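1. Next one to model:
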Amino acid sequence: MPSAIDPRKKPASVKVHVTTGEGIDVVWSDGHPSHYDFAYLRERCPCANCKDERARKSESGETAPVQSAAVLPMFKPKLKARRAEAVGHYAIQLEFNDGHSAGIFSYDLLRTMCPCAECAREFRSPEL
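-> Residues are numbered from 1 along each chain as shown. Model (predicted):
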């Protein structure tokens, strides 16, 4: 039997700012506001490939992204979302301007990964 959903992880309002590139703003049912930059979300993408890549880097002790042998561009455009789509009533799927679109960000996950210290204390274990 599935466990009950924490009512604090239910959004009252969600605004995805694809056009301006500002990120996602969520006001939760308990009134807490959260803001997520697209770069913050892309870094923490929950898809299997991204999780595996983060685990590999963690195991190897890597701190910087792996660089290819190709010449690196002088300018890298700001990471933004090209598109956002609701997934049922429980999540948002983003397509980033780097072409990645596999991650589905559930509202439960978004509240857990809220960047504020209050949510870090309340919803994340110390190792996250």
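2. drop to CA atoms for contacts and neighbour counts, all remaining ones
-> Fine.
3. Check the spacing between the residue most central in space within the chain and residue 92 real quick.
-> Centroid-nearest residue in the chain, with C-alpha atoms, centre = their mean: residue 41, separated by 2.6 Å. Distance, residue 41 to residue 92, using C-alpha to C-alpha, to the nearest Å: 11 Å.
4. circling back to that earlier point, and the pLDDT at the residue nearest to the centre of the chain?
-> We have a pLDDT of 97 for residue 41.
5. May I ask you to confirm that it belongs to a helix?
-> Yes: residue state for residue 41 (DSSP: H, G, I helix; E, B strand; the rest coil) corresponds to a helix.
6. Residue 21: neighbouring residues, count only.
-> When counting by other C-alpha atoms under 10 Å, one arrives at 16 neighbours for residue 21.
7. Buried residues in the helix or strand harbouring residue 86, which are they?
-> Per DSSP states H and E, residue 86 falls inside strand 81-87. Neighbour-count burial for strand 81-87, counted by 16 or more other C-alpha atoms under 10 Å, picks out 81, 82, 84.
8. Go ahead and name everything in contact with it.
-> 16, 18, 21, 23, 38, 92, 93, 94, 95, 96, 97, 104 (C-alpha atoms under 8 Å, 6 or more residues apart in numbering).
9. Assess the claim that the fifth one and residue 94 are in contact.
-> Put plainly, it is residue 38. No: Residue 38 lies out of contact with residue 94 (C-alpha atoms under 8 Å); the separation is 9.1 Å.
10. Need the max-distance pair from the contacts of strand 81-87.
-> Pairwise distances across these (C-alpha to C-alpha) peak at 18.4 Å, for the pair 21 and 104.
11. what number of residues lie near the closest residue to residue 50 other than its chain neighbours?
-> Excluding the flanking residues, the one nearest residue 50 by C-alpha to C-alpha, 6 or more residues apart in numbering is residue 44, at 7.8 Å. Here the count is done by other C-alpha under 10 Å, and residue 44 has 15 residues near it.
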